[in-house]
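Asks: After the sequence you'll find the predicted model.
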Amino acid sequence: MKTLTIIAGVMLVFVFVWERVDVVRLGYQIERSKSQKILLERERDQLQVKVSSLASPERISKLAMEKLGLVPPQQGQVLMVHQPGIAPGLSHPPVEQVRLARHVATGRVNE
Amino acid sequence: MTAGPSRGRRYVMLLVLFCGFGIIVFRLVTLQVLQAAELTAKADRQHQKTVSFEGARGTVSDRHGKVLAMNVEVPSVFGVPTSLESPSAVARHLSPVLHIRSGELEKKLRQNKSFVWLARKVDPEQGRRLEQLSLDGIGVVMEGRRFYPKGPLLAHVLGFSGMDGQGLEGLERRYDSQLHGEKRVTVLQRDALGRTVFPKGLAEQVPTPGHALTLTVDEVIQYIAEKELEEAVTHTRAKSGTIIVMEPQSGAILAMAVSPRFDPNVVAKLTPDRWRNRALTDTYEPGSTMKVVVAAAALEEKVMTPGTMVFGENGHMVIANTTIHDHEKLGWITFSEVIQKSSNIGAAKTGMALGEQRLYHYLQGFGFGQRTEIDLPGEVSGLLKAPKDWGRRSVASISMGQEVGVTALQMVSALATLANGGVMMKPYVVSEVRDAKGRVLKEVLPQVKRRVVSPDTAWMMTTMMEGVVTNGTGAKAAIPGFRVAGKTGTAQKIDPRTGAYSSTQFVGSFVGYVPAESPRLAMIVVIDEPQGEAWGGTVAAPVFRRVGEQVLNYLGVSREDTVKIAMATKDY
């Protein structure tokens, strides 16, 4: 009985020590994960800045004109049509459901 | 005999032990009691690390969530000169990475200091290369840097922040208390190897980032305005220029472009002259655009109707010993034609028919001589003297847009009032403030300032201003497929050397709204000191047309011919 009590006591001490060690180990692990999170967030922010600067209207417009040879639509080249089934001008300020009439603009209206 | 020496030895031993213990007790008392505070602090310094955290500055985005300003952690490079063996060798290694001359770096590294900044807030790629070099005595720390990814786009409105993250200009300054992150000092424990030990509850101690702002500005409309303004300013060799695009029903600013532009990412070498938001800080004499305000007052007070006949005095009229001229000799014309042909004599007569008090009342009603209270710093109230300070010619002069100083924002607000059926809205640029978790803290709703004129008056003015574009001085502002209402303005500037009107320096402007029957945009274009021809109808009206046409296309606003197309396509 006495021996069993001693063994149980020693086991309890081991469990206690193991628990303390594990807490410290997990502490370090959390710290590592946090550092990693900070690094990833930093990278995300850097990438977001990059995406934003690449999506700048000035840059896109320049690329469209210089690389793709596009030009701003000239007078009469943009036509708006109401989408069928949607009554225009119901909301205020009036936001009408329209789409670009590309086919009309390029003369392929009968297709 | 034996007891004597042994007792003596015992006493000696006791004395030695007593002294020994005495010394230990004395030392303990010294360490534990007398020097306790000092030594505890010293120990704390060894195993504790005090770190100051600052939450990232909030992001600024346009009305569709496109990022216009945000914070990113970037590396800053420092050196520890006292621990370097060969500063010249280290400087040679660093030079190509930091793009700083080797000699300059060596000079810094030869200083007798234990810490010196070599380069602050550098490119992340440079930081990575430095880490690969792993030079002794050179370290990298991360600092928050403000980035404006769109470069000069909207720079005059956004402003910029300083090296330590404080807002210095524009929205960055106006909303600094919302944008800056929380500052918090935390004590961390260090282990024997100097690693930070995760303390209890640190997660809750991380400082919260600043609030994010959503603007009413649309980056595409802003780009269109800036591009067209730059082109116009370059083409006319003007000193500067301004365009404001506003939503008349709400007062929301859709674009505010100022030329010359600047890049808020590199402001160190610029002067305030470059980053000043001229749309609200600079006043100019509006010239003929003011006639619209006088005409609206006359219609509202029923002093005039659009059909009232006014005699143009054949182009010359003497008031208070000075002569007022019109650029064409006009006889009897309707009141509508006074606006259409921009007759100075007609406007002067209208002002005189109103009288001092009523004229002043409506000028104040339309917001002149007072700030619009837009949420941007640096706004001025312009110049509008009280009638008691007016001279004999003042009523006539003010009716033609002289003797008053206005900002571009005041003028576009006045016209937006007519576009909005006579109700003046408060202009604003920030529509929403959100916290770091995306919760809305403040939603800015359109705010009515006052009713200035009746809807009938506003409608009559719209019809009269349509005439300016269809048959008058603003023909170049016409946008095919849309009804445009607007007014041109050309004003001589006062020469600061002589104090008289200059014959070479002008301000050409056009202010108006479109589509006239249901306005989506109110816009002003101001070109300051164009060279060559300086008429508002020549230098500013075409810019109004180009911006208006592109923006209406972008917003998908139907042209007058839309319905026909819809009917035509229905058959297919």
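Replies: Sure, I can see it.

Asks: Can you give the contact residues for stretch B:450-461?
Replies: Contact with stretch B:450-461 is made by B:292, B:295-297, B:299-300, B:305-306, B:362, B:365-366, B:417-424, B:485, as judged by Cβ atoms under 8 Å, 6 or more residues apart in numbering or on different chains. C-beta: built from backbone N, CA, C; applies to glycine.

Asks: what's the answer for stretch B:135-148, then?
Replies: A:42, A:49, B:54, B:56-57, B:68-81, B:83-84, B:90, B:93-94, B:118, B:120-121, B:127, B:130-131, B:155, B:158, B:160-161, B:165, B:172, B:263-265.

Asks: Among the residues you listed, name the ones in strands.
Replies: Judged by DSSP state E, strands contain the following of the contacts of stretch B:135-148: B:54, B:68-79, B:118.

Asks: Could you say which helix or strand holds B:Ser502?
Replies: strand B:501-514 (DSSP states H and E).

Asks: Check which helices and strands that strand sits against.
Replies: helix B:408-419, strand B:485-494, strand B:521-528, helix B:536-539, helix B:541-555 (3 or more Cβ pairs under 8 Å, 6 or more residues apart in numbering or on different chains; DSSP states H and E).

Asks: one step back: switch the ones in strands among the contacts of stretch B:135-148 over to CSV; also include distance to chain A and neighbour count.
Replies: CSV is the format used below for the ones in strands among the contacts of stretch B:135-148 (distance: Cβ to the nearest Cβ, whole Å; neighbours: other Cβ atoms under 10 Å in any protein chain shown):
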residue, distance to chain A, neighbour count
B:Glu54, 14, 19
B:Leu68, 8, 25
B:Ala69, 10, 30
B:Met70, 6, 21
B:Asn71, 7, 24
B:Val72, 4, 23
B:Glu73, 5, 20
B:Val74, 8, 22
B:Pro75, 10, 22
B:Ser76, 14, 17
B:Val77, 16, 22
B:Phe78, 19, 16
B:Gly79, 23, 26
B:Leu118, 21, 22
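
Asks: Any idea what B:Arg434 is bridged to?
Replies: Legend: beta-bridge partners of B:Arg434 under DSSP bridges are B:Ala212, B:Val440.

Asks: same check, this time on B:Ile494
Replies: Counting by DSSP bridges, the residues bridging with B:Ile494 are B:Tyr501.

Asks: Pull up the per-residue confidence for the nearest residue to B:Arg63 once chain neighbours are set aside.
Replies: Once flanking residues are discounted, B:Arg63 sits nearest to B:Asp218: 5.3 Å by Cβ to Cβ, 6 or more residues apart in numbering or on different chains. The model reports B:Asp218 with a pLDDT of 96.

Asks: tell me the domain ranges of chain A?
Replies: A:2-59, A:73-111 (automatic domain parsing).

Asks: coming back round to it: with distance to B:Gly378, mean neighbour count and mean pLDDT added, can I get the helices and strands packed on strand B:501-514 in a markdown table?
Replies: Listed next are those as a markdown table, based on distance: least, Cβ to Cβ, whole Å; neighbours: other Cβ atoms under 10 Å in any protein chain shown; pLDDT from 0 to 100:
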| stretch | distance to B:Gly378 | mean neighbour count | mean pLDDT |
| --- | --- | --- | --- |
| helix B:408-419 | 11 | 28 | 97 |
| strand B:485-494 | 21 | 26 | 91 |
| strand B:521-528 | 17 | 29 | 96 |
| helix B:536-539 | 25 | 27 | 92 |
| helix B:541-555 | 24 | 23 | 94 |
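
Asks: Tabulate those (JSON lines), appending distance to B:Ser509.
Replies: As requested, these are exported to JSON lines (distance: least, Cβ to Cβ, whole Å):
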{"stretch": "helix B:408-419", "distance to B:Ser509": "8"}
{"stretch": "strand B:485-494", "distance to B:Ser509": "4"}
{"stretch": "strand B:521-528", "distance to B:Ser509": "5"}
{"stretch": "helix B:536-539", "distance to B:Ser509": "5"}
{"stretch": "helix B:541-555", "distance to B:Ser509": "9"}
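
Asks: check contacts around the residue nearest to the spatial centre of chain A.
Replies: Centroid-nearest residue in chain A: A:Gln48, 8.6 Å away (criterion: Cα atoms, centre = their mean). For A:Gln48, the contacting residues are B:Val67, B:Met70, by Cβ under 8 Å, 6+ apart.

Asks: Which of the contacts of stretch B:450-461 fall in strands?
Replies: Using DSSP E, these in strands are B:Val423, B:Met424, B:Ala485.
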